[in-house]
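A.B. asks: Structure for the following, please:
(4 chains)
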Protein chains: 2
Amino acid sequence: MLCFALYSAAHAMQAAYKPLLDPLGLTYPQYLALSALWAEDGQTVGQIGAALMLDSNTLTPLLKRLEQAGWITRRRDSTDERQVRLTLTEDGRALGARAAEVPLCFLDRTGLTLDAATQMRDDLTALRDRLRPPR
Amino acid sequence: MLCFALYSAAHAMQAAYKPLLDPLGLTYPQYLALSALWAEDGQTVGQIGAALMLDSNTLTPLLKRLEQAGWITRRRDSTDERQVRLTLTEDGRALGARAAEVPLCFLDRTGLTLDAATQMRDDLTALRDRLRPPR
DNA sequence: AACGATTAAATCGTATACGATATAAATAAC
DNA sequence: GTTATTTATATCGTATACGATTTAATCGTT
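C.D. replies: The predicted model follows:
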């Protein structure tokens, strides 16, 4: 069953990330959200949601925890008060430097060559996009 | 990022299963647990956990819901009272027949050939087993 | 037989996910 | 310009996941 392989591999991936992220005090989804901000600071909740394919019902509590932990601030956009802009704090930016080596540590844990990992990533992304509802 | 491809593909997979499982009144993890019992009835919580790579903290509530829904019964093993044996009800077995076509519907949704799906399943399983902690 | 160690489930607390709904701001229609 | 619609977040309820602890039963050793 392809579905179970995907399901269990995703769990194993998060478990493999845990020892890398625990020292930073982050969960894997929190790390993903911060990664988006390390790439481009000042994004809105909706932009992060588009990148991570998650909705505000999941993101709002997660982002509040990141705010609580002192990594980001959440502020309504002054030109469009519907949107909430996320800004890294000084600590949040510094955490990004500490987290820089995480992806390489993970690649190492997979035992894959960079090429094999890239291939698998592309296959998975293609599969995901085919599975996404046609609307 | 391979990790995000895995994460998002797993979510997309569960979303793709939803329209197939909603008519049966099952979530994807519930479907997995029942699949194990359709393959071999009368397994213990621990056996299901080994197959699904989940612990009793996740399974016990899930199995109670399956019991509540009338698909299974949960009974302490008479020879080893520590273990809980799961038995399909008449309805639970009947549900298995109704669910028989789900995997093929899913394969169809992936747009993959059977060979390509098998290949990807094996790659993911191998990755998962490499990621699993060495102990 | 007795008791410490191990094992199998269950329980508890926290953090995702996600459907459904609510709220408030911005836009569109008239 | 007011109202209907749309859009961006937030809130609520339910269902996983999983670390840590608890409980009860079995096993191992003496």
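
A.B. asks: residue boundaries of the helices in chain A?
C.D. replies: Ranges of helices in chain A, per DSSP state H, are A:2-21, A:28-39, A:45-52, A:56-68, A:90-98, A:102-110, A:114-131.

A.B. asks: For those helices, could you give me CSV that also reports distance to residue B:49?
C.D. replies: Backbone N, C-alpha and C define where each C-beta goes, glycine included. Putting the helices of chain A into CSV (distance: least, C-beta to C-beta, whole Å) gives the following:
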stretch, distance to residue B:49
helix A:2-21, 12
helix A:28-39, 22
helix A:45-52, 29
helix A:56-68, 26
helix A:90-98, 35
helix A:102-110, 24
helix A:114-131, 26
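
A.B. asks: Figure out which of those is closest to residue B:8.
C.D. replies: helix A:114-131 (5.3 Å; C-beta to C-beta).

A.B. asks: okay, now the closest residue to residue A:45 other than its chain neighbours: neighbour count?
C.D. replies: Nearest residue to residue A:45, sequence neighbours excluded (C-beta to C-beta, 6 or more residues apart in numbering or on different chains): residue A:84, at 4.9 Å. Neighbourhood size, residue A:84 [other C-beta atoms under 10 Å in any protein chain shown]: 18.

A.B. asks: Same question for residue A:36.
C.D. replies: 17.

A.B. asks: hang on, isn't it packed against residue A:48?
C.D. replies: Yes - if you go by C-beta atoms under 8 Å, residue A:36 and residue A:48 touch, sitting 5.2 Å apart.

A.B. asks: just to revisit the earlier point, OK, contacts around the residue nearest to residue A:45?
C.D. replies: A:44-45, A:74-77 (C-beta atoms under 8 Å, 6 or more residues apart in numbering or on different chains).

A.B. asks: For those residues, pick the one with the most neighbours.
C.D. replies: residue A:45 (20 neighbours).

A.B. asks: For residue A:14, see how far away the residue nearest the centre of chain A is.
C.D. replies: In chain A, the residue lying closest to the centroid (C-alpha atoms, centre = their mean) is residue A:32, at 1.2 Å. Distance, residue A:32 to residue A:14, by C-beta to C-beta, to the nearest Å: 11 Å.

A.B. asks: Quick check: neighbours shared by these two?
C.D. replies: Common neighbours of residue A:32 and residue A:14 (C-beta under 8 Å, 6+ apart) are residue B:7.

A.B. asks: The lowest-mean-pLDDT helix or strand in chain A vs helix B:2-21, what angle?
C.D. replies: Lowest on mean pLDDT, DSSP states H and E among the helices and strands of chain A sits helix A:102-110, with a mean of 94. Interaxial angle, helix A:102-110 versus helix B:2-21 (axes from the mean of the first three to the mean of the last three C-alpha atoms, to 10 degrees): 70 degrees.

A.B. asks: So helix A:102-110, near chain B or not?
C.D. replies: Yes - interface with chain B: helix A:102-110 contributes A:103, A:106-107, A:109-110 (C-beta under 8 Å from any C-beta of the partner chain).

A.B. asks: Would you format these as JSON lines with distance to residue B:19 and neighbour count included?
C.D. replies: Formatted as JSON lines, the residues of helix A:102-110 next to chain B follow (distance: C-beta to C-beta, whole Å; neighbours: other C-beta atoms under 10 Å in any protein chain shown):
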{"residue": "A:103", "distance to residue B:19": "34", "neighbour count": "15"}
{"residue": "A:106", "distance to residue B:19": "33", "neighbour count": "19"}
{"residue": "A:107", "distance to residue B:19": "35", "neighbour count": "16"}
{"residue": "A:109", "distance to residue B:19": "35", "neighbour count": "17"}
{"residue": "A:110", "distance to residue B:19": "32", "neighbour count": "18"}
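
A.B. asks: any low-confidence regions in chain A?
C.D. replies: A:133-135 (pLDDT under 70).

A.B. asks: Show me which residues of it are close to DNA strand C?
C.D. replies: A:27-30, A:53-55, A:57-58, A:61-62, A:65, A:79-82 (C-beta under 7 Å from any atom of the strand).
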